[in-house]
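# sequence first, predicted model second:
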Amino acid sequence: MDAIAIASASASASATSSSYSGLMMSRSIGLRSTSPRALSASCYLPKGLRESHHNSEFGPSLLLTSKQPHHKLTNLCASADKRNQTGQVFASAGVYTYGLSVQESQPHASVSEEKVGVLLLNLGGPDTLNDVQPFLFNLFADPDIIHLPRLFRFLQKPLAQLISVLRAPKSKEGYASIGGGSPLRKITDEQGQALKEALEVKDIHANVYVGMRYWHPFTEDAIQEIKRDGITKLVVLPLYPQYSISTTGSSIRVLQNMFREDQYLSRLPVSIIQSWYQREGYIKSMGDLIEKELEKFSSPGEVMIFFSAHGVPVSYVENAGDPYKDQMEDCIYLIMQELKARGIGNDHTLAYQVGLTSRVGPVQWLKPYTDEVLVELGQRGVKSLLAVPVSFVSEHIETLEEIDMEYRELALESGVQNWGRVPALNCTPSFVSDLADAVEEALPLAMAMSASKNTSKETEYDIISYAVKLFFGSILAFVLLFSPRMIRAFKNYI
């Protein structure tokens, strides 16, 4: 079962715009487009930030015009009828600064002494079954996953401890079924080594670091290693094709806090590639994998291509301006356009992975749900189905346990007779080569950043006011936590 999905629903919490505030576009790398069209970068900011991006609490940010292909206007700004679009359009990754004001670049060393670093960001996962509970605790303690009102923030870790203990037994069963732990660290290390070698071919000598959000090696540890190595220019590359508050956003928030507090980091030129689902290399690599798997069916043209994406709460998209849904739909469109160019015109559909136990409480998730769509497809008489995971680029619990076991069994029970699954990209050479291209394009755009002098501080409460609110907040939290409805919800995790 996907841990992020479970976490978000556990506290029936919604994301707020503060999770996404401070997101500033500094520049978008050049595009390969048959029909380019200028689009103001402010269009890609979430609603509520478009008018205030110059007055962020972190100070003004460099804002340049970004060119995007005309069909990309669906991203948070305008809508377009994609079914009437023709041709292939690809865009390279966007490079952004996040929550920090851009300063004049002040290199730590001369060009001849420059030391390049690339930081790969990923979710992380328990290496052994004994790691499952502490991994879940780290996950649930993340305020970007469970967002509590300010009055109840002191309950973040106790709540995380409670949920992780209750959830650990079922999660252990899932990890036990895929070998006793997550393969994510091993695969990410391999991707890092492959990227390093691909950069060497381009005569870019870089140290590649891995920073996991919820398990070893933590992002904080990677940053300390970067400092020890004396890196003078850094590219941050999250291994999530599409941006979401709960994935890329959470990891970048950690970096944001560290850069604000560290004099060395605040002067380090950095490029952050926040999403790259639109890159030609990624789209073509996905097309290659899908085409290869389709050929394994006796009648490839009759296979339904079933895109299964990681689910997020609707509030992330509607209230916090998370671009994940828009980017996911654009991603699917580009992949299908690539397949059509190869003469592959199969029907396709998109659904979001959200486990049944994650739907407890009032939280609404992106729909349609994967399990419900699988049942519907079976009832409609679909006999051949190819599952395509599109939210992550490495095999992990969602692909190996949810899709390969739970959803496969459900599909077969629902009437699907022929099942296939596209493997994750992992270290596919064309994919790694494209990541190297993205890093190469991002390097010249690296800028030194420092926290704005006008950074706002949390409101300070006098001791009496704080004590009163703590007392009544604790009583209310106790009542809510042990209410019959909450107890029934927790039973689903035991």
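Cool, the structure landed.
# any regions of the stretch 251-400 of the chain where pLDDT drops low?
Applying pLDDT under 70 to the stretch 251-400 of the chain flags the ranges 355-362.
# in it, which spans are strands?
270-275, 304-310, 348-353, 384-389 (DSSP state E, counting those that start in this stretch).
# which residues touch the longest one?
Counting contacts by CB atoms under 8 Å, 6 or more residues apart in numbering, the residues outside strand 304-310 that touch it are 2, 4-5, 244, 247, 290, 294, 328, 332, 335-336, 339, 346-353, 366, 370, 373-374, 377, 382, 384-392, 398, 403, 407. Using the backbone N, CA and C atoms, a C-beta is placed for each residue, glycine as well.
# quick one: Y352 and P423, what's the gap?
Applying CB to CB, to the nearest Å, the value for Y352 to P423 is 20 Å.
# which one's more surrounded, these two?
A direct count of neighbours by other CB atoms under 10 Å for Y352 and P423 places Y352 higher, at 22 against 13.
# surely that one and Q364 touch.
No - at 11.5 Å, Y352 does not count as touching Q364 under the criterion of CB atoms under 8 Å.
# what comes up buried for the helix or strand encompassing L199?
Assigned by DSSP states H and E, L199 falls within helix 184-201. By neighbour count on 16 or more other CB atoms under 10 Å, the buried set for helix 184-201 is L184, R185, I187, T188, Q191, G192, A194, L195, K196, A198, L199.
# nearest spatial neighbour of the fifth one, chain-adjacent residues omitted?
Using CB to CB, 6 or more residues apart in numbering and skipping the chain neighbours, the partner closest in space to Q191 is C427 (5.7 Å).
# tell me which residues touch the one you found, please.
Applying CB under 8 Å, 6+ apart, the residues near C427 are I187, E190, Q191, A194.
# kindly reformat the residues you listed as CSV containing distance to V314.
Formatted as CSV, the contacts of C427 follow (distance: CB to CB, whole Å):
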residue, distance to V314
I187, 31
E190, 35
Q191, 32
A194, 37
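# tell me which of those residues is nearest to G125?
Comparing those against G125 with CB to CB places I187 closest, at 10.0 Å.
# surely the closest one touches T399?
No - here I187 does not reach T399: they are 10.9 Å apart, not a contact under CB under 8 Å.
# so where do the helices sit in the stretch 201-350 of the chain?
For the stretch 201-350 of the chain, applying DSSP state H, counting those that start in this stretch gives helices covering 219-228, 250-261, 263-266, 280-294, 314-318, 324-341.
# so for D203, which of these sits nearest?
helix 280-294 (19.1 Å).
# which outside residues touch that closest one?
32, 90, 92, 241, 276, 300, 303, 305, 334-335, 338-339, 342, 344, 346, 386, 388, 390, 420-423, 425, 428, 430-431, 433-435, 437.
# what distance do you get for the residue nearest to Q191 to G125?
17 Å.
# S285: neighbouring residues, count only.
S285 has 22 neighbours, counted by other CB under 10 Å.
# quick revisit: I'd like the contacts of C427 laid out as a markdown table, including pLDDT.
A markdown table is the format used below for the contacts of C427 (pLDDT from 0 to 100):
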| residue | pLDDT |
| --- | --- |
| I187 | 98 |
| E190 | 98 |
| Q191 | 98 |
| A194 | 98 |
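# quick check, nearest of these to P158?
Nearest member of the contacts of C427 to P158, counting by CB to CB, is I187, at 33.4 Å.
# phi and psi next, for the residue nearest to the closest one when sequence neighbours are not counted.
In space, and not counting its chain neighbours, I187 is closest to S394: 4.4 Å by CB to CB, 6+ apart. For S394, the backbone dihedrals (degrees, to the nearest 10) come out as phi -130, psi 150.
# let me see the contact set for S394.
N122, P183, L184, I187, T188, Q191, L239, A424, L425, N426 are the contacts of S394 under CB under 8 Å, 6+ apart.
# between these, which is nearest A446?
L239 (19.4 Å).
# returning to that earlier point: right, and the helices of the stretch 201-350 of the chain - which one's nearest Q156?
helix 250-261 (13.8 Å).
# do a quick rundown of the strands in the stretch 51-200 of the chain.
Counting by DSSP E, counting those that start in this stretch, the strands of the stretch 51-200 of the chain are 66-69, 94-98, 101-102, 116-122.
# which residues sit against the longest one?
Contact with strand 116-122 is made by 184, 188, 191-192, 195-196, 199, 204-213, 219, 222-223, 226, 229, 231-240, 248, 251-252, 394, 439, 443, as judged by CB under 8 Å, 6+ apart.
# picking up where we left off before, turn the contacts of S394 into CSV, including distance to D131.
Converted to CSV, the contacts of S394 look like this (distance: CB to CB, whole Å):
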residue, distance to D131
N122, 16
P183, 13
L184, 12
I187, 17
T188, 16
Q191, 21
L239, 20
A424, 21
L425, 25
N426, 22
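# nearest to R153, of those?
N122 (26.5 Å).
# burial measure for the closest one, as a count.
27.
# over to R228?
Using other CB under 10 Å: R228 sits among 8 other residues.
# so what pLDDT did it get?
In the prediction, the pLDDT value recorded for R228 is 97.
# what's near enough to touch it?
Residues near R228 by CB under 8 Å, 6+ apart: none.
# please apply the same query to E220.
By CB under 8 Å, 6+ apart, the neighbours of E220 are G211, V254, M258.
# one more time with 7 Å, if that's ok
Applying CB atoms under 7 Å, 6 or more residues apart in numbering to E220 gives the contacts V254, M258.
# that one and V201: what is the separation?
31 Å.
# F392 too?
For F392, the distance to V201 - CB to CB - is 26 Å.
# what about the longest helix in the protein?
Ordering each helix of the chain by length in residues (DSSP state H) puts helix 156-177 first.
# which strands and helices lie in contact with that one?
In this structure, helix 156-177 packs against helix 3-10, helix 132-140, with contacts taken as 3 or more CB pairs under 7 Å, 6 or more residues apart in numbering; DSSP states H and E.
# pull the CA atoms of that helix into PDB?
C-alpha atoms of helix 156-177 as PDB (Å, rounded to 0.1, in the frame of the first residue of the first chain):
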ATOM      1  CA  GLN A 156       2.600  16.300  14.600                       C
ATOM      2  CA  LYS A 157       5.100  13.800  16.000                       C
ATOM      3  CA  PRO A 158       2.900  12.100  18.500                       C
ATOM      4  CA  LEU A 159       0.300  11.600  15.800                       C
ATOM      5  CA  ALA A 160       2.900  10.300  13.400                       C
ATOM      6  CA  GLN A 161       4.100   7.900  16.000                       C
ATOM      7  CA  LEU A 162       0.600   6.600  16.700                       C
ATOM      8  CA  ILE A 163      -0.300   6.200  13.000                       C
ATOM      9  CA  SER A 164       3.100   4.600  12.100                       C
ATOM     10  CA  VAL A 165       2.800   2.000  14.900                       C
ATOM     11  CA  LEU A 166      -0.800   1.100  13.800                       C
ATOM     12  CA  ARG A 167       0.100   1.000  10.100                       C
ATOM     13  CA  ALA A 168       3.400  -0.800  10.400                       C
ATOM     14  CA  PRO A 169       2.100  -4.400  10.500                       C
ATOM     15  CA  LYS A 170       0.200  -4.200   7.200                       C
ATOM     16  CA  SER A 171       3.000  -2.300   5.600                       C
ATOM     17  CA  LYS A 172       5.400  -5.000   6.600                       C
ATOM     18  CA  GLU A 173       3.300  -7.500   4.900                       C
ATOM     19  CA  GLY A 174       3.500  -5.500   1.700                       C
ATOM     20  CA  TYR A 175       7.300  -5.100   1.900                       C
ATOM     21  CA  ALA A 176       7.700  -8.800   2.800                       C
ATOM     22  CA  SER A 177       5.900  -9.700  -0.400                       C
END
